[in-house]
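1. coordinates only, sequence not included:
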């Protein structure tokens, strides 16, 4: 019985590390999105020719960031609700 409890503790620690890691990866993706698109907007306004071309990478990459965010939230939710085969709300 002692080994089983110890393995559950290690698994929960691994799950917490996994959740932290996927959050970090999402925020790195979001920071790159903001930095690059901010730079593209600056270049577009600095070299103004009457056309806002920076909105195309802004919207297309934004779709990718939103999908990444949804996947991140789903992964966090699924990891939280399936630890030890039970929901966190049922554990006493």
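-> Structure received. Note that the structure is predicted; figures quoted are calculated from it, not measured.
2. measure the residue most central in space within the chain to residue 20 for me?
-> Centroid-nearest residue in the chain: residue 26, 3.0 Å away (criterion: C-alpha atoms, centre = their mean). For residue 26, the distance to residue 20 equals 11 Å [C-beta to C-beta, to the nearest Å]. The C-beta positions use only the backbone N, C-alpha and C, and glycine is treated the same way.
3. other SSEs contacting the one helix or strand in the chain whose mean pLDDT sits lowest?
-> Least confident helix or strand of the chain, by mean pLDDT, DSSP states H and E, is helix 2-46 with a mean of 83. Judged by 3 or more C-beta pairs under 8 Å, 6 or more residues apart in numbering; DSSP states H and E, the packing partners of helix 2-46 are helix 55-81.
4. what packs against the helix it packs on?
-> By 3+ C-beta pairs under 8 Å, 6+ apart, helix 55-81 packs against helix 2-46.
5. now the helix it packs on against helix 55-81, angle please.
-> 170 degrees (axes from the mean of the first three to the mean of the last three C-alpha atoms, to 10 degrees).
6. how distant is helix 2-46 from the center of its chain?
-> 5 Å (C-alpha atoms, centre = their mean, to the nearest Å).
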